[in-house]
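> Here is my input; please provide its structure:
(2 chains)
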Amino acid sequence: MKIHKYDTVIVGAGGAGMRAAIESTKRSRTAVLTKLYPTRSHTGAAQGGMAAALANVEEDNWEWHTFDTVKGGDYLVDQDAAEILAKEAIDSVLDLEKMGLPFNRTPNGTIDQRRFGGHSRNHGEAPVRRSCYAADRTGHMILQTLYQNCVKHGVEFFNEFYVLDQLITEENGVKKSAGVVAYELATGEIHVFQAKAVIYASGGCGKFFKVTSNAHTLTGDGQAAVYRRGIPLEDMEFFQFHPTGIWRMGILLTEGARGEGGILRNKDGERFMEKYAPVMKDLASRDVVSRSIYTEIREGRGCGPEGDHVYLDLTHLPPEQLDAKLPDITEFARTYLGIEPYTDPIPIQPTAHYAMGGIPTNVEGEVLADNTTVVPGLYAAGEVACVSVHGANRLGTNSLLDINVFGKRAGIAAAEYSQTADFVELPENPAQFVIDQVEQLRSSTGTERVATLRKELQETMDANVMVFRTEQTIKTAVEKIAELRERYRNVAIQDKGKRFNTDLLEAIELGNLLDLAEVMAVSALARKESRGGHYREDYPNRDDVNFMRHTMAYREVGADGTETVRLDYKPVVQTRYQPMERKY
Amino acid sequence: MATPVMDKVEAESAASPYITVTFRVRRFNPEVSAEATWEDFQLEIDPKERVLDGLHKIKWDLDGTLTFRRSCAHGICGSDAMRINGKNRLACKTLIKDINPEKPITVEPIKGLTVLKDLVVDMEPFFQAYRDVMPFLITKDTNEPTRERLQSAEDRERFDDTTKCILCAACTSSCPVFWNDGQYFGPAAIVNAHRFIFDSRDEAGEQRLEILNDKDGVWRCRTTFNCTDACPRGIEVTKAIAEVKKALITRRY
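Next up, the predicted model:
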């Protein structure tokens, strides 16, 4: 075991982590621990753009953007945070341009902008061009640009270090972050990082679904590490299903395709979104479009022999426009489906895409231990966090924005904290939990296989807590997850070695997914209403009287060692906007 | 507007598509043996699946010790460059049906970088070469502009091809010069230098050209086009290298 000491430790090197690192490295001695090489992070898979009311191509302002974000989140958004997001969007796009990001340009040479779902002129009048983009590889360009700037600023990375535990020490009755424990993939060595400030920026947890746009590595490691140490998780029942994943594979096809004029059609060739969203049509918010697709499928208007998908039709768009604006996604259709998007429609289905919920933070990125109490020295930003700017449903292009605005804020706040704070004493035997976890898995003689359990988890999640949910389906999922958690205690791995033991890490990642799936299902069961990405067929309406509040899920361990999820609730911050019925 | 025909893609999806293939994988684990060996695995697989799906079937169902890197699984993150049937490719972008599944499919680590375990290589020398070309925008303004820098669509287009790089190392590890001499910067580093040399906003082109004028720089390129063939992003790597060579001679870019 090695012990390291840094002022600030950042967990994760995607967009939020690297944006934080650029700020933090200038101000404090910083280490970035990342389970992947930084440029492998899933920020790179984001396609369509980053929202900011630059008004480069038409009238726009940050207040309209704030409203769209609040409405898009079905009023579960904390409005003070949404206002910061929309206001600081403008500078965060300009920051990236100055760092070198190659945005597409207007004829005047300014940053070009395009339409995206749920972004509107003057509070819903018509779609507005607000998404700043670089073809359909905006996330790739952001990830590369941030990495380039990390190289420029000499950010210190620990690549292929898996953070497996959060260290918390109580000082004078206050729980403080003391550091983290990491597992080095190359050697199997365990490292303790003592740090004044820790920022989690480790991304989402979409791998508990089967059809997902998420990378294999998005296993909620950060959320699980803090949850196990008593930090709550907020609004975990809200998960976004992106309308246009490649049929059966789940690979993302950007909403920018519809922003460029693409149309969704059922088996009769009908542009069905006109029925569900007369104004915004194919550019309604993602939860609305995904439900509409499944409604078409359920009512027998799906395509194919099994009627289990619909089409994204780009055939009416000029090939030059597809080549210039959507080169990557058209190539995906050619590579994975053998389809030529110039002439043939692309089979799609909704795909599990984004966790709106996560580790609760305030607008400075400080993590909350309950509804109001900050954990000194602990921060989170990006998909792992819940500020909450996305509420019950995130708008497209607001996540690339979120990682930049709140990554920067968390980086500054954490570094400023570590400039004045003292190190917190490490707990006794700080690495013990990880040592035991690793040793237990390596020596287990159990009979359960990781791949089997993971597959069963993904199947139950897809079947029971996806776009449509009922009390019965969620209960089925809760029971299945409990069974899988029980069986997980008997899991064994084949690779017993120390060097690059990805067999071991996949087992640990599965444990994290199981913990988070339970939180998600239990939170969903208790929310007896429909709001944004959480749709209950048995409670099809939004219920502002009983559920205009954030879910806060805590891990409880009983005297006999049994673990349960305890739910509490937190008020929503409302400033300018009164909840209204949401129509597109 | 005419409604597109909706049945073209559907015809083949009904029947059971599975075939049996052999994966012949290069195994190496110094914890077990100092020697690398070939190991065969038989799999039932849909030929429309990816080589990465095959590797996952091996790891998840047959042999958990098989080790490789992967993340996004659709050609964006650059984790899973490997040598498949003797050619550098991304395992997640290569479909079984496209690489002659009648014969054993060989899978090896990319060449020219130290193998650490099975298909995992030491990427550090590759990233060091990348860092050496100063891969970030350098400007000399004393006052930062308040708004964005302006750039015409044509100037933006000038370096578009090389912005697509995902640092997977497929190009560099396909280059015979790099195999023989690890000191050569390699195609990927030159591609990333090109991305800035030809960016109208950047003002350090001369410095980057001087770095690449080094004895281990662009002049080592023998124009074998392996890099262009290997690039999973379709970047015209050899052309980019040629443009850098030309810029070195003419000092115009």
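> Identify each buried residue in the helix ranked longest in chain A, please.
As far as residue count goes, and with DSSP state H defining each element, the longest helix of chain A is helix A:502-526. Of the residues in helix A:502-526, those buried by neighbour count under the rule 16 or more other Cβ atoms under 10 Å in any protein chain shown are A:502-525. Using the backbone N, CA and C atoms, a C-beta is placed for each residue, glycine as well.
> packing partners for it?
Helices and strands in packing contact with helix A:502-526 are listed as strand A:161-171, helix A:221-228, helix A:432-443, helix A:450-464, helix A:471-488, strand A:549-557, strand A:563-571; criterion 3 or more Cβ pairs under 8 Å, 6 or more residues apart in numbering or on different chains; DSSP states H and E.
> What mean pLDDT does that helix get?
The average of the pLDDT scores along helix A:502-526 is 98.
> One more: stretch B:103-116?
Across stretch B:103-116, the average pLDDT comes to 98.
> gap between the two ends of it?
From its first residue to its last, stretch B:103-116 covers 28 Å (Cα to Cα, to the nearest Å).
> Next: stretch A:445-455.
Taking Cα to Cα, stretch A:445-455 runs 21 Å from one end to the other.
> Which stretches in the stretch 101-250 of chain A count as helices?
Using DSSP state H, counting those that start in this stretch, the helices of the stretch 101-250 of chain A run over residues A:138-152, A:221-228.
> What segments of chain B are strands?
Under the criterion DSSP state E, chain B contains strands at B:19-27, B:37-45, B:81-84, B:87-90, B:105-108, B:115-117, B:120-121.
> I'd like to know which elements the second one is packed against.
For strand B:37-45, the elements it packs on are strand B:19-27, helix B:51-57, judged by 3+ Cβ pairs under 8 Å, 6+ apart.
> same question, the fifth one
Using 3+ Cβ pairs under 8 Å, 6+ apart as the contact criterion, the secondary-structure elements in contact with strand B:105-108 are strand B:19-27, helix B:51-57, strand B:81-84.
> Quick check: mean pLDDT of the second one?
When pLDDT is averaged along helix B:51-57, the result is 98.
> can you pull the alpha-carbon coordinates of that helix into CSV?
Written as CSV, here are the backbone C-alpha positions of helix B:51-57 (Å, rounded to 0.1, in the frame of the first residue of the first chain):
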residue,chain,number,x,y,z
VAL,B,51,-14.9,-8.5,-33.0
LEU,B,52,-15.2,-6.8,-29.6
ASP,B,53,-18.4,-8.8,-29.0
GLY,B,54,-16.5,-12.0,-29.7
LEU,B,55,-13.7,-11.0,-27.2
HIS,B,56,-16.4,-10.3,-24.6
LYS,B,57,-18.0,-13.7,-25.2
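> and the residue lying closest to A:Asp503 once chain neighbours are set aside, how far is that from B:Glu35?
In space, and not counting its chain neighbours, A:Asp503 is closest to A:Asp495: 3.6 Å by Cβ to Cβ, 6 or more residues apart in numbering or on different chains. Spatial separation of A:Asp495 from B:Glu35 under the definition Cβ to Cβ, to the nearest Å is 19 Å.
> the more surrounded of those two?
A:Asp495 (24 against 8; other Cβ atoms under 10 Å in any protein chain shown).
> just to revisit the earlier point, can you tell me which of the helices of the stretch 101-250 of chain A comes nearest to chain B?
Across those, chain B has its closest neighbour in helix A:138-152 (4.1 Å, Cβ to the nearest Cβ).
> So A:Phe332 lies in a helix, does it not?
Yes: following the definition DSSP: H, G, I helix; E, B strand; the rest coil, A:Phe332 is counted among the residues of a helix.
> Spatially nearest residue to the spatially most central residue of chain A, not counting backbone neighbours?
Centre of chain A computed as the mean C-alpha position; nearest residue by Cα atoms, centre = their mean is A:Glu383, 3.5 Å away. If you skip the residues right next to it in sequence, A:Glu383 has A:Gly204 as its closest partner in space, 4.2 Å away by Cβ to Cβ, 6+ apart.
> That neighbour: how many residues sit nearby?
Counted with other Cβ under 10 Å, residues neighbouring A:Gly204 total 30.
> Next up, the contacts around it.
With contact taken as Cβ atoms under 8 Å, 6 or more residues apart in numbering or on different chains, A:Gly204 is in contact with A:42, A:214, A:218, A:220, A:354-355, A:383-384.
> repeat that for 10 Å
With contacts defined as Cβ atoms under 10 Å, 6 or more residues apart in numbering or on different chains, A:Gly204 is in contact with A:14, A:42, A:212-215, A:218-220, A:222-223, A:239-240, A:352-358, A:382-384, A:399, A:516.
> just B:Glu157 next, same as before
For B:Glu157, the contacting residues are A:102, A:104-105, A:324, B:151, taking Cβ under 10 Å, 6+ apart as the criterion.
> Any chance of the residues you listed in CSV with neighbour count, distance to A:Phe157 and pLDDT as columns?
As requested, the contacts of B:Glu157 are exported to CSV (neighbours: other Cβ atoms under 10 Å in any protein chain shown; distance: Cβ to Cβ, whole Å; pLDDT from 0 to 100):
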residue, neighbour count, distance to A:Phe157, pLDDT
A:Pro102, 24, 24, 98
A:Asn104, 22, 30, 97
A:Arg105, 21, 32, 98
A:Ala324, 15, 35, 93
B:Gln151, 21, 30, 97
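> Just name the closest of the residues you listed to A:Arg114, please.
Proximity of these to A:Arg114 (Cβ to Cβ) peaks at A:Asn104, which lies at 8.5 Å.
> The closest one against B:Arg156, yeah?
Yes: using Cβ atoms under 10 Å, A:Asn104 is in contact with B:Arg156, at 6.9 Å.
> Now for the two: what residues contact both?
When contacts are counted by Cβ under 10 Å, 6+ apart, A:Asn104 and B:Arg156 are jointly contacted by A:112, A:134.
> With adjacent residues omitted, what lies nearest to residue 97?
Went with chain A since none was named. Counting by Cβ to Cβ, 6+ apart, B:Glu148 is the residue found nearest to A:Glu97 once chain neighbours are left out, at 4.3 Å.
> wrong chain, I was asking about chain B
Closest residue to B:Lys97 in three dimensions, ignoring its sequence neighbours and counting by Cβ to Cβ, 6+ apart: B:Pro47, at 3.7 Å.
> Many thanks, I have nothing further to ask.
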